[in-house]
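Asks: The following comprises the amino acid sequence and a computationally predicted model.
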Amino acid sequence: MSDELTGEVTRGARALVVCPEFRGRASATDTESRVEEAKGLALAIGLVIADAFPLPIREARPGTLFGEGQIQNIATACTLHEADLIIVDGALSAVQQRNLEEKLKRKVIDRTGLILEIFGERAATAEGRLQVELAHLDYQAGRLVRSWTHLERQRGGFGFLGGPGETQIEADRRMIRDRMARIRRELEQVRRTRGLHRDRREKAPWPVIALVGYTNAGKSTLFNRLTGADVMAQDLLFATLDPTMRAIRLPGLDKAILSDTVGFISDLPTQLVAAFRATLEEVTAADVVVHVRDIANPDTAAQKAQVLSVLEDLGLLEEGTQAPQVPIIEVWNKWDLLEPERAAHLWHAAREAAHEDEVVVPLSALTGEGCEELLAAANRLLTDDAREHSFTLPVSDGLRLAWLHAHGEVLEDEADAEDETYRRMTVRLTPREFGRFLQL
């Protein structure tokens, strides 16, 4: 392989994005949306889009995916647009990737490799980095060649190994397997730690609200708006990769925990689905799930279907019927970007098709319009099963008196008429809160 192929490709490199379009194969998203998403992935890693286009494929070639004529067209486009890197928005085998690089004399990466690079750059916590490294090693194990490590060297990579000869490759594979085993043990410890944290939260009085949604739907912007936090929120795919939690106040609750999570995306690499399971487990511990949709995106319906599919895999929706196992609020974000007629049509159609248990809130996380309605809806779902309870407690029991004021809706609090060393209280509590109170 030439020196040109073993050089680095850094941020700012010009990339040609090619989206294979298999004839006769149905797709949930239209071609234009797929091209735009692929461009978004490239922009998220700091690349410059030289050109992007779909490429129809009648039959995939086992050695190169594309036919000779199509490869020549790609090469011409690279020369015309001065592209240093070719991104194939699909899965490439190690052989296909190597052969394309040899024919095109340029670096080639597929969708999985690109998403792994983004995740590797974004992951901020020790857990996130472990998860990305595991996914990277799993992806790398089948393609022990130096030709695809061009983006890794920006950060030092994730232990990419090389060297010609069968003996070296076998040694590399053994080292990768050993490293993966160590990472899995460390992640198992992370899962146990997360479990302990969830147990502590369940004993604590505060409910958890999880934000989920397709990547770039505006979850982090909404999170910042509701909490006053400063989580990275940019118009980039996968801006958030590590779960972030902050306390917020709701109208009828002293405190709730709001959790921002990684965005979902179509055709997420299988390595990442497995590696990020621990992160997604945070969603399964939520009392309310807020599904944030980019309602202004023309592909919003397909994005919703992808998110619901992931939630079903996590056990939050009943398999087959997709009936929610926990309350779900559907947020129509970027409502301010819609034309009034389009907004009115969508809202009318949603009301016509809505079930009784569906909660939809249109809002703009950027301007804050609709956020109060969202908090009110979350409060209703968290307290709709609350009941009034009467207590007579000694004044000296400051712990439980303070707990009731902090975590319940106190309707009445006065000194006992017969014994002023006691207080009579009427408090609205959910069954979960009442159970916690009894354990104090």
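Replies: Structure received.

Asks: Please make it C-alpha for all contacts and neighbour counts, starting now.
Replies: Fine.

Asks: residues touching residue 49, list them.
Replies: By C-alpha atoms under 8 Å, 6 or more residues apart in numbering, the residues touching residue 49 are 14-17, 39, 42-43.

Asks: how deep is the residue lying closest to residue 115 once chain neighbours are set aside tucked in, by neighbour count?
Replies: Ranked by C-alpha to C-alpha, 6 or more residues apart in numbering and with sequence neighbours excluded, the top spatial neighbour of residue 115 is residue 41, at 7.1 Å. Residue 41 has 22 neighbours, counted by other C-alpha atoms under 10 Å.

Asks: Can you classify residue 41 by secondary structure?
Replies: Following DSSP: H, G, I helix; E, B strand; the rest coil, residue 41 is assigned to helix.

Asks: quick one: it from residue 265, how far?
Replies: Distance of residue 41 to residue 265, given as C-alpha to C-alpha, to the nearest Å: 11 Å.

Asks: Please apply the same query to residue 300.
Replies: As judged by C-alpha to C-alpha, residue 300 and residue 265 stand 12 Å apart.

Asks: Ramachandran coordinates for residue 409?
Replies: Main-chain torsions, residue 409, degrees, to the nearest 10: phi -100, psi 100.

Asks: Please report the distance of it from residue 225.
Replies: 25 Å.

Asks: Residue 433 too?
Replies: Per C-alpha to C-alpha, residue 433 is found 27 Å from residue 225.

Asks: More neighbours: those two, which one.
Replies: Set residue 433 next to residue 225 and count neighbours by other C-alpha under 10 Å: residue 433 wins out with 21 against 17.

Asks: ok, now how distant is that one from residue 403?
Replies: Separation of residue 433 from residue 403 (C-alpha to C-alpha) stands at 10 Å.

Asks: now residue 413
Replies: 13 Å.

Asks: who has more neighbours, these two?
Replies: Under the neighbour definition other C-alpha under 10 Å, residue 413 and residue 403 were set side by side, and residue 413 has more, 16 against 13.

Asks: Tell me which residues touch the more buried one, please.
Replies: Shown in contact with residue 413 (C-alpha under 8 Å, 6+ apart): 423-426.

Asks: Could you check the pLDDT of the closest residue to residue 107 other than its chain neighbours?
Replies: Using C-alpha to C-alpha, 6+ apart and skipping the chain neighbours, the partner closest in space to residue 107 is residue 85 (5.0 Å). Listed pLDDT for residue 85 reads 93.

Asks: Who is residue 85 paired with across the strands?
Replies: Applying DSSP bridges to residue 85 gives these bridge partners: residue 15, residue 107.

Asks: for it, what are its contacts?
Replies: Applying C-alpha under 8 Å, 6+ apart to residue 85 gives the contacts 9, 13-16, 106-109.

Asks: Check residue 373 too.
Replies: Counted by C-alpha under 8 Å, 6+ apart, residue 373 has contacts residue 361.

Asks: What's the separation between it and residue 364?
Replies: Distance of residue 373 to residue 364, computed by C-alpha to C-alpha: 11 Å.

Asks: Residue 207 too?
Replies: Here the criterion is C-alpha to C-alpha. By it, residue 207 lies 24 Å from residue 364.

Asks: Residue 22 too?
Replies: Noted for residue 22: a distance of 37 Å to residue 364, by C-alpha to C-alpha.

Asks: quick one: which of those two has more around it?
Replies: Neighbours per residue, other C-alpha under 10 Å: of residue 22 and residue 364, the larger number sits with residue 364, 22 against 15.

Asks: which residues of the stretch 51-200 of the chain score low on pLDDT?
Replies: For the stretch 51-200 of the chain, residues meeting the criterion pLDDT under 70 lie at 124-125, 144-169, 194-200.

Asks: Now with 90, please.
Replies: Along the stretch 51-200 of the chain, the model assigns pLDDT under 90 to residues 58-59, 84, 91, 93-94, 111-177, 183-184, 186-200.

Asks: contacting residues around the strand or helix carrying residue 102?
Replies: Secondary structure from DSSP states H and E places residue 102 in helix 94-104. Helix 94-104 is touched from outside by 1, 5, 62-65, 71, 74-75, 107-110, 142-143, 147, with contacts defined as C-alpha under 8 Å, 6+ apart.
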